[in-house]
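Peer 1: Sequence isn't available, so here's the structure alone:
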DNA sequence: AAAAGATATGGAAACGGTTACACCACCATG
DNA sequence: CATGGTGGTGTAACCGTTTCCATATCTTTT
């Protein structure tokens, strides 16, 4: 690998001069500049990022840690992040923790070695509930770099964050079902060990109450944001022979599990039961299923996260900043047809 | 930020000794080791990856470049890659080129600065067809690091690669439709500027011929692997009033576009027309659409890619290595019902 | 003509690690 | 008692950059 010294020797100048040419700093004679640039080009010289980082004491990388990249939501978020990273010539060091706290520990450690400028993080676990979570919080604090939390909040966080209106969107879901004429509502919750899981349950419950309806204990099905469990719960519900007129499914995977169960039990969505989900599902309308949902702009969440991180890097002492991504509504066949 | 020198001073030893403790190399007195480790822990000392890289002249990062991370396929691939990366303590430098060759140019340049150990790449464009593609090929060659191409092959590539049996799976798709009793077949192709697009067309065409059927020119619809175009083409087809008894849709997005058009035109899948796709679509069976497909294990493609890259790094001179991920078949209601 | 500025360049230290080498102490061996 | 290993540690060079400072030449100003 050719180095700056090689270039300097070939051009018959000193390293300092080559560096000045490369960085467009200080005075350089036009002829010298040309000559150096020529040599650089001919020899495909590319300066070493490590050496630069070491010398300048500043990095151009930022860390991105997500819990499951094979979930389209995080794919979208990453898309948004890369969009902005590109504009600012930042490179991304990526980690997928697969929802495992241990992997997050390792990721944070590696990022600390890398001296990244900042970190965008969607934690694998709640930072308040488990001892492992609290351990992680300490580790992150010790890292002492700019951090933006994305999507998964915990109680008493002091980092910047980009979050989704989990509570409000769920509240609205209840309202929508009420307006559509439903009286007995149900919910398949997400993982209640995560704040977003609890928020969605609480928002929905409050929405139910505020609309003069009731949410029976037996109509609350405790899921985990994954298909499998939602499928099992829904199946159990349908087999019991007694179910709400409409249910709220708390994320995309939960919705899919629910729909699968409904199909297997020959329950007609929109006729035998209505559903409103959180998160969109690809093309579901075109497939002819009446599926309403509340949802958000995932890519924008990614963009926001990096923008906020850059602002934080710019100004490390400014007060904590939170961005709530608003929910949107998509309606399709939620009205109660068989009152 | 605390450095190795600080640790050395605090422990009353030299940098060399601290380094020995850290790397578990050479002789270190047990008491000294304890003392150093204590100081390291107390002060949260983490060695700088840049300094190590510079000094050892070897990196522990590998580059990953994909064309669209908000496509579940690449999410899965990235999942597979991280799985293996984790086992080998490698960190990933990630780029999304958004199918733009210019972004790939920049990504390659940045990766070259970073001195990554190797690169996993799904190119944005064909490396043989356009001048931009050939430019990229040259740039990649100049990079002169271990490379594994994933999914998107081009003609005359000399890098290792993990590819999908595009030709064979498409050939099989034709065979399946023939066995199911169809006689007039159609295809909505992918982007023919990509080799995988051409391979799928050719495989299907050969399959049609070898089964004694014909593939009329007017039944070949030239798409681009995206929903929108597939939707338009399908709509045009249905509006023409004259269409094949079965069509082959070349990837997940193409299938969705097709299904959307069918629904809008009130064409009943499985009755008025049959379809076989490439790539699975989440839960489509549970939604009650008779949709057959040929598909592959995406995550395994990611795993394979990194494994092959590691082998290449291990042994840079070994002959070119190609891994073909086999296709699998999923059948659902493709039989011709209305002969 | 001297002083002051602008232009152009090189030398050398610094960044934070690793490592070859030298050195010393200790002990066993012939 | 010289010899030679083993254990333990420090010194200094080195990795590839940037940057401060010194120096030199050429212009311009006073």
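Peer 2: It's in. No experiment lies behind these values; they were computed from the predicted model shown. Numbering: from 1, shown residues only, chains lettered A, B, ... in the order given.
Peer 1: The stretch 51-200 of chain A: strands as residue ranges?
Peer 2: All strands of the stretch 51-200 of chain A, identified by DSSP state E, counting those that start in this stretch, fall at A:61-66, A:91-96, A:118-121, A:147-150, A:160-164, A:185-188.
Peer 1: among those, which is nearest chain B?
Peer 2: strand A:91-96 (4.0 Å; Cβ to the nearest Cβ). In this view, the C-beta of every residue, glycine as well, is placed from N, C-alpha and C.
Peer 1: Spell out which parts of the stretch 201-339 of chain A neighbour chain B.
Peer 2: A:227, A:256, A:259-260, A:263-264, A:281-284, A:286-289, A:299 (Cβ under 8 Å from any Cβ of the partner chain).
Peer 1: can you pick the most crowded of those residues?
Peer 2: The most crowded member of those, judged by other Cβ atoms under 10 Å in any protein chain shown, is residue A:259 (28 neighbours).
Peer 1: residues near residue A:261, how many?
Peer 2: The number of residues packed near residue A:261 is 23, by other Cβ under 10 Å.
Peer 1: Give the helix, strand or coil label for the closest residue to it other than its chain neighbours.
Peer 2: Nearest residue to residue A:261, sequence neighbours excluded (Cβ to Cβ, 6 or more residues apart in numbering or on different chains): residue A:234, at 3.5 Å. Under the three-state scheme (DSSP: H, G, I helix; E, B strand; the rest coil), residue A:234 adopts helix.
Peer 1: What ranges does the stretch 201-339 of chain A have for its helices?
Peer 2: Listed in chain order, the helices of the stretch 201-339 of chain A (DSSP state H, counting those that start in this stretch) span A:227-240, A:252-264, A:298-314.
Peer 1: With mean pLDDT and distance to DNA strand D as extra columns, can I get those in a markdown table?
Peer 2: Formatted as a markdown table, the helices of the stretch 201-339 of chain A follow (pLDDT from 0 to 100; distance: least, Cβ to the nearest atom of the strand, whole Å):
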| stretch | mean pLDDT | distance to DNA strand D |
| --- | --- | --- |
| helix A:227-240 | 96 | 49 |
| helix A:252-264 | 92 | 46 |
| helix A:298-314 | 97 | 18 |
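Peer 1: With distance to residue A:137 added, can I get those helices in CSV?
Peer 2: Below are those laid out as CSV (distance: least, Cβ to Cβ, whole Å):
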stretch, distance to residue A:137
helix A:227-240, 27
helix A:252-264, 27
helix A:298-314, 18
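Peer 1: most packed of these?
Peer 2: The highest average neighbour count among the helices of the stretch 201-339 of chain A, using mean count of other Cβ atoms under 10 Å in any protein chain shown, belongs to helix A:252-264 at a mean of 24.
Peer 1: rewinding a little: compare the strands of the stretch 51-200 of chain A and report which one is nearest to residue B:5.
Peer 2: For those, proximity to residue B:5 was assessed by Cβ to Cβ; strand A:61-66 is nearest, at 23.9 Å.
Peer 1: Check which strands are paired with that closest one and give the direction for each one.
Peer 2: strand A:91-96 (parallel), strand A:118-121 (parallel) (DSSP bridges).
Peer 1: Quick one: closest of those strands to residue B:329.
Peer 2: Of those, nearest to residue B:329 by Cβ to Cβ is strand A:91-96, at 29.4 Å.
Peer 1: Check what contacts the closest one and list those residues.
Peer 2: For strand A:91-96, contacts defined as Cβ atoms under 8 Å, 6 or more residues apart in numbering or on different chains pick out A:60-69, A:78, A:81-82, A:85, A:103-104, A:107, A:110-111, A:114, A:116, B:61, B:64, B:78-79, B:82, B:91-95, B:110, B:114.
Peer 1: Can you tell me the closest non-neighbouring residue to residue A:247?
Peer 2: Spatially, and ignoring its direct neighbours in sequence, residue A:247 is nearest to residue A:186 (4.0 Å; Cβ to Cβ, 6+ apart).
Peer 1: Please tell me how far the one you found sits from residue A:268.
Peer 2: Applying Cβ to Cβ, to the nearest Å, the value for residue A:186 to residue A:268 is 17 Å.
Peer 1: Of the two, which one has the most company?
Peer 2: Of the pair residue A:186 and residue A:268, residue A:186 is the one with more neighbours under other Cβ under 10 Å, namely 26 against 13.
Peer 1: looking at it, the more buried one is touching residue A:217, isn't it?
Peer 2: No: using Cβ atoms under 8 Å, residue A:186 makes no contact with residue A:217, being 10.7 Å away.
Peer 1: which bits of the stretch 51-200 of chain A sit near DNA strand C?
Peer 2: Neighbours of DNA strand C within the stretch 51-200 of chain A, by Cβ under 7 Å from any atom of the strand: A:51, A:54-55, A:57.
Peer 1: Indicate which one of the helices of the stretch 201-339 of chain A is closest to residue A:99.
Peer 2: Taking Cβ to Cβ, helix A:252-264 is the member of the helices of the stretch 201-339 of chain A nearest to residue A:99, at 12.5 Å.
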